[in-house]
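Asks: quick one, structure for this:
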Amino acid sequence: MVTERPLGQPADLSWLLTGLLQRVPHTDSAVLLSSDGLVKASDGLDSDAADHLAALASGLYSLARSAGIRFGDGGEVRQVVVELDTTLLFVATAGQGACLAVLAGREADAAVLGYEMAMLVKGARQALMTPARQSAGQ
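Replies: Below you'll find the predicted structure:
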């Protein structure tokens, strides 16, 4: 039996992120965010850290999109990877208006993580999409 949510109430998608973190060794945390940086779901982070990661991921994704327009023949951003001393940050598109950000240790297999992120997005694309915001007057 499917339980219906009240109209306008978002689905809790944190279980998708929990599954991703359980499937990929050395992953620490994940955030599903709107393209403008608002947290839709998170796992492995407190609320403040999730908000911070969402803002960072949104900025990185926006910069990558600008680079694609200017230098990549307008192609879509598939993934942004930031390599730090002890951590990897992956940011990928997660449907229209949404991104998926994952933090992992250096020991994580980047190919496996990238694949699992893509499979999560492919399998749940409709649930991950974030509609464009309407102005207050509309």
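Asks: can I take it that Ala108 is in a strand?
Replies: No - Ala108: not assigned to a strand; according to DSSP: H, G, I helix; E, B strand; the rest coil it is coil.
Asks: and it, what does it touch?
Replies: 24-27, 88 (C-beta atoms under 8 Å, 6 or more residues apart in numbering). Using the backbone N, CA and C atoms, a C-beta is placed for each residue, glycine as well.
Asks: could you redo the last one with a cut-off of 6 Å?
Replies: 26-27, 88 (C-beta atoms under 6 Å, 6 or more residues apart in numbering).
Asks: low-confidence ranges, the chain, go.
Replies: The model of the chain has pLDDT under 70 over residues 1-11, 125-138.
Asks: and the residue positioned nearest the centre of it, what element?
Replies: Centre of the chain computed as the mean C-alpha position; nearest residue by C-alpha atoms, centre = their mean is Leu100, 0.9 Å away. In this assignment (DSSP states H and E), Leu100 forms part of strand 98-105.
Asks: show me what that strand is packed against.
Replies: Where contact means 3 or more C-beta pairs under 6 Å, 6 or more residues apart in numbering; DSSP states H and E, strand 98-105 is packed against strand 27-34, helix 47-71, strand 87-93, helix 110-128.
Asks: now with 10 Å?
Replies: When contacts are defined as 3 or more C-beta pairs under 10 Å, 6 or more residues apart in numbering; DSSP states H and E, strand 98-105 packs onto helix 14-23, strand 27-34, strand 39-43, helix 47-71, strand 79-83, strand 87-93, helix 110-128.
Asks: how about the ones you listed in CSV, adding distance to Ala104?
Replies: Formatted as CSV, the helices and strands packed on strand 98-105 follow (distance: least, C-beta to C-beta, whole Å):
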stretch, distance to Ala104
helix 14-23, 9
strand 27-34, 4
strand 39-43, 13
helix 47-71, 13
strand 79-83, 10
strand 87-93, 5
helix 110-128, 6
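Asks: what's the most buried one of the ones you listed?
Replies: Comparing those by mean neighbour count (mean count of other C-beta atoms under 10 Å), strand 27-34 ranks first with a mean of 24.
Asks: just the angle between that one and strand 39-43, please?
Replies: Strand 27-34 and strand 39-43 meet at an angle of 170 degrees, taking axes from the mean of the first three to the mean of the last three C-alpha atoms, to 10 degrees as the criterion.
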